[in-house]
Structure formats: structure tokens, C-alpha cells
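K.L.:
Give me coordinates for this.
(2 chains)
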Protein chains: 2
Amino acid sequence: MNEPAFQDLYPDDYSNCYGCGRNNKSGLHLKSFWDGEESICRYTPAAHYTGGMPGFLYGGMIASLIDCHGAGTAAAAKARESGEPIARFVTASLKVDYLKPTPLGIELEIRGRVTEIKGRKVLVDLRLLADDTLCATGSVVMIQINAQ
Amino acid sequence: MNEPAFQDLYPDDYSNCYGCGRNNKSGLHLKSFWDGEESICRYTPAAHYTGGMPGFLYGGMIASLIDCHGAGTAAAAKARESGEPIARFVTASLKVDYLKPTPLGIELEIRGRVTEIKGRKVLVDLRLLADDTLCATGSVVMIQINAQ
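P.N.:
Sure thing, here's the model as predicted:
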């Protein structure tokens, strides 16, 4: 993929997130892109992000992946619709359904699909897959920050 | 508080969670206790867990705090009801509503209240407060793991 990630287009002042901020030295540096009508984020969590049982990802990280990729997808979708530069979104609500344990040690794929854009509000449905197995689904409500 | 934290009573094999496992050397080591009919977890996140804007906690960590404290509360509530040793629970679903930005640099309080215990399933409602300001609410569905 040669196009910049959604997060690489965030305003500098809003690029400090532990999950997806390019300016956070300790962070995960999640990167999201378009893949047709869906958005995609690929990420391989480090082993210490285990859940209670070693070998499986902890639930908070699964929520983080869905949250940050959902925010990026909302921002990119709004920018694509409006023709304006990408703006930063924050989470109003997050819902995650944990369907199967998510294995560690392989690259995960988080996919987003925008279901509604209404003014400053964007809704995104998400799926988290490990080796094509659906491990979790999510839905987020994202709100555009006014300040730019 | 002199009683052990819920997480200190988890079976050793299930104590590796990044959020709340006592055996995870890189983890957050969240600790949950009873406070009357509510459960309580106090935690001060490090500055690098910032969200997009410095000074405020990132959404994924808020979800993690609600998730891990919710799992602990479910486990302790089930043990109190059954009189059996504490067992480990995993998350079936997690919902978080982000009401206000959560400030960094102060101790946060996460409070849980069990709303239903039905066999292996326990439902918990949660609140995250910063200096008595309600910043987020959550609800979780937790399922007891069979293996012990």
C-alpha cells in the first residue's frame, strides 16, 4: 500500500494516542487504510499483551484495536465524503462482542465498514479476524472534534 | 484494605492478563476489592497512555479498565454467592459509553455493580470516575470458564 495511513493524516496536535498516534513513542502505531469499501488495519500484538491464559490476546487490547481503527475509519470516511482534510474523531460509544479467543503470535486483521454518516457523527461496524477466523465484532459511534 | 484483591485469588494459570494478571511482568496489575455492595478499582494510568490529545486517557485503556474490573467483579460475586473458590471469567460482551474526556495524572476510580448472576453468566454495570466526575459508563457480560 503506497497511500498514507489515515493516522498519518491526523493533525499533529491530535497524533499522540497510545493506540494509533504517530507521535506516541511508547504506543502501538496502528495504521488504517482503505481496502475497497472496507477499511483495514493489520497488527501483530506483542506476547505480553496476553489475557489471563497465555497465548491469547487480552480483551482490553481487542477493544483498543476496534476503537482506534473505528476512529480512523470514521475520520477517513467523513473526509472522503466532504472533500475536506481528515479531522479527528473521538469515541462516543464502543460495543465489542467476543466470539472466540484471539490467538497471539499471528497478524490480526481488523476490518471496518461505515454504516452511517450524519453531520459530525459516523457509525462503523468492525470485525477482528485471525487467520480468517472471526474472533470479535464491534460497533462504534464516533464524533468529529470541532477544534482544528 | 487488608483483604486480598480479587485478582490475587485467581488460579495461577489464569493470572497472566496484561490488564490484571499478577504474573504479567509488563502489565497494569489492576486490583479490585469490595466496597459494600459495589466493587472498586483505583488506578493512575501512566502519561504515555494518552489519547489523541495529551492530558487525556486513550479510549482503549478506558475499555481495558472496565473490562478487567468487570471480570474481577463477576468472579468475586459468583464466588460469594456459591461459596466456592474464585473462578476465572472471560468477557462475552463489553459496552462503553464515553461521557467526558478522562484526565490523566490523577487516580481514577472504577466502580462495579452486579446486576444479574445466572449460572455461569454474570452481568456487571460499571462507572469510571475522575475526581468524582463521571467520565464513562460500561456494562459487561462475563462467562465463567469451565476448566479449573
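
K.L.:
My read is that residue A:108 contacts residue A:44, right?
P.N.:
Yes: between residue A:108 and residue A:44 there is a contact at 6.8 Å, judged by CB atoms under 8 Å. All C-beta spots, glycine's among them, are computed from the backbone N, C-alpha and C.

K.L.:
out of those two, which sits in the busier spot?
P.N.:
residue A:108 (22 against 10; other CB atoms under 10 Å in any protein chain shown).

K.L.:
how about the helices in chain A?
P.N.:
A:59-82 (DSSP state H).

K.L.:
low-scoring stretches of it, by residue?
P.N.:
A:1, A:147-148 (pLDDT under 70).

K.L.:
ok, 50 please
P.N.:
A:148 (pLDDT under 50).

K.L.:
ok now do residue A:129, which residues does it touch?
P.N.:
Counting by CB atoms under 8 Å, 6 or more residues apart in numbering or on different chains, residue A:129 touches A:108, A:109, A:110, A:111, A:135.

K.L.:
Let me see the ranges of the strands in chain A.
P.N.:
For chain A, the strands defined by DSSP state E occupy A:32-35, A:38-43, A:89-98, A:108-118, A:121-130, A:133-144.

K.L.:
looking just at contacts, which helices and strands does the second one meet?
P.N.:
Read that as strand A:38-43. strand A:32-35, helix A:59-82, strand A:108-118 (3 or more CB pairs under 8 Å, 6 or more residues apart in numbering or on different chains; DSSP states H and E).

K.L.:
hmm, try it at 6 Å
P.N.:
Where contact means 3 or more CB pairs under 6 Å, 6 or more residues apart in numbering or on different chains; DSSP states H and E, strand A:38-43 is packed against strand A:32-35, strand A:108-118.

K.L.:
repeat for the last one
P.N.:
Counting contacts by 3+ CB pairs under 6 Å, 6+ apart, strand A:133-144 is packed against helix A:59-82, strand A:89-98, strand A:121-130.
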